[in-house]
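K.L.:
here are the coordinates; sequence isn't available:
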């Protein structure tokens, strides 16, 4: 029999090397790889990162080697407004964000941004775990092609941080306050009496320095990490908005998860949500203590006055978005002990 010889060409050599190094990787590869978006940094004062890291840890324990998560924090995959569209069409698999940004696709979820809707995080949690949360999740699924994995908490209520103290609620009438560029945030601050100035977060510090704004409304953790306290030394505990975060997955990505793994994924997400809520409360306390140590003066205010000022916003919102009426009714029902 005639012997056969083979010439090892450079191209064949490279191909063999590729096979040699990728076969072990393929053997150990996860069944599902998911890309996860967040607009916030990956640090201990990010509600998004707290939820994500716990979820990842839970999956590693429950489904070792089955699900791989690739985290893209700090807006690495683009602007948040663009990311919601990418999740909707399945180009990005998962997203952790504030609920507010989803109002660009599902306006009714903006109901959660109405001022003085919640007294505390306990009421917010009951709302999101009950009928109101179910209604909103169904709207998101239908109109945005996503599945809600859990509703978490921001790192505390939003308060007013200003260069001059608020001696009375009426003092807010003379203040220009930076507000999150979301319709009901703007409407809430206006109804409270402030001149609401929407602007990106990256411009706030310099705007405070130059006197473009007199103050900012935000949670204590963000005020601390963004160093707004270096200029705005007065904190008025308005507690006007408790805006939640939401972890979502595209329907296309969820369908890629094998049927026998989905219950474990959902259980991992649920535990991560409960964990994040607990840590959020602790982070708010820690941030406030650090702000006090940095010289910030905290004061109470007449929240009842502000509540009355913002009350008409609820009727106006449900008149514009009738489907939100059932959600608002469920929120009020959850407020009852």
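P.N.:
Everything's here; your move. Predicted model only: the values in this text are computed from it and were never measured.

K.L.:
mind listing the strands for the stretch 51-200 of the chain?
P.N.:
Taking DSSP state E, counting those that start in this stretch, the strands of the stretch 51-200 of the chain run over residues 67-72, 94-98, 146-153, 158-162, 176-179, 195-198.

K.L.:
out of these, which comes closest to residue 325?
P.N.:
Nearest of those to residue 325, taken as Cβ to Cβ: strand 146-153 at 20.1 Å. Any C-beta I mention is one placed from the backbone N, CA and C, and that applies to glycine too.

K.L.:
now that closest one against strand 94-98, angle please.
P.N.:
Angle of strand 146-153 versus strand 94-98, following axes from the mean of the first three to the mean of the last three Cα atoms, to 10 degrees, is 40 degrees.

K.L.:
before we move on, the earlier item: for the strands of the stretch 51-200 of the chain, give me a markdown table that also has distance to residue 289.
P.N.:
Below are these laid out as a markdown table (distance: least, Cβ to Cβ, whole Å):
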| stretch | distance to residue 289 |
| --- | --- |
| strand 67-72 | 29 |
| strand 94-98 | 24 |
| strand 146-153 | 18 |
| strand 158-162 | 15 |
| strand 176-179 | 24 |
| strand 195-198 | 29 |
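
K.L.:
as CSV, these with mean neighbour count, distance to residue 307 and mean pLDDT would be great.
P.N.:
Supplementary listing: those in CSV, determined by neighbours: other Cβ atoms under 10 Å; distance: least, Cβ to Cβ, whole Å; pLDDT from 0 to 100:
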stretch, mean neighbour count, distance to residue 307, mean pLDDT
strand 67-72, 17, 39, 97
strand 94-98, 25, 22, 97
strand 146-153, 25, 21, 98
strand 158-162, 25, 14, 98
strand 176-179, 22, 18, 97
strand 195-198, 18, 18, 97
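
K.L.:
closest to residue 290 out of the ones you listed?
P.N.:
Nearest of the strands of the stretch 51-200 of the chain (Cβ to Cβ): strand 158-162, 13.5 Å.

K.L.:
what packs against the closest one?
P.N.:
Judged by 3 or more Cβ pairs under 8 Å, 6 or more residues apart in numbering; DSSP states H and E, the packing partners of strand 158-162 are strand 215-218, strand 234-241.

K.L.:
pick the most deeply packed of these.
P.N.:
Neighbour counts (mean count of other Cβ atoms under 10 Å) averaged over each of the helices and strands packed on strand 158-162 peak at strand 215-218, with a mean of 26.

K.L.:
tell me which of the helices and strands packed on strand 158-162 sits nearest to residue 73.
P.N.:
strand 215-218 (19.0 Å).

K.L.:
now the closest one: how far from the chain's centre is it?
P.N.:
Centroid separation between strand 215-218 and its chain, computed with Cα atoms, centre = their mean, to the nearest Å, is 18 Å.

K.L.:
quick check: mean pLDDT of the helix or strand following it?
P.N.:
Next in sequence after strand 215-218, counting helices and strands by DSSP states H and E, comes helix 220-225. For helix 220-225, mean pLDDT is 95.

K.L.:
show residues contacting helix 220-225.
P.N.:
For helix 220-225, the external contacting residues (Cβ atoms under 8 Å, 6 or more residues apart in numbering) are 43, 45, 155-156, 159, 161, 216, 228-229, 232, 235, 283-284, 286-288, 290-291, 294.

K.L.:
now with 7 Å, please.
P.N.:
45, 155, 156, 161, 229, 283, 284, 287, 288, 290, 291 (Cβ atoms under 7 Å, 6 or more residues apart in numbering).

K.L.:
and what of stretch 256-266?
P.N.:
So stretch 256-266 is in contact with 31, 32, 62, 63, 66, 67, going by Cβ under 7 Å, 6+ apart.

K.L.:
buried subset of those residues?
P.N.:
32, 62, 63, 66, 67 (16 or more other Cβ atoms under 10 Å).

K.L.:
identify the farthest-apart pair in the residues you listed.
P.N.:
So, these by Cβ to Cβ: farthest apart are 32 and 62, at 13.5 Å.

K.L.:
in stretch 246-254, which residues are buried?
P.N.:
Residues 246, 247, 248, 249, 250, 253, 254 are the ones in stretch 246-254 that count as buried (16+ other Cβ under 10 Å).

K.L.:
narrow those to those in helices?
P.N.:
253, 254 (DSSP state H).

K.L.:
quick revisit: so which of the strands of the stretch 51-200 of the chain comes closest to residue 267?
P.N.:
Here strand 146-153 is closest among the strands of the stretch 51-200 of the chain (Cβ to Cβ), at 10.7 Å.

K.L.:
give the partner strands of that closest one in its sheet and their orientations.
P.N.:
Strand pairing for strand 146-153, determined by DSSP bridges: strand 244-250 (antiparallel).

K.L.:
mean confidence for the partner strand?
P.N.:
Mean per-residue pLDDT for strand 244-250: 98.

K.L.:
and what of stretch 31-41?
P.N.:
Here stretch 31-41 scores 95 as its mean pLDDT.
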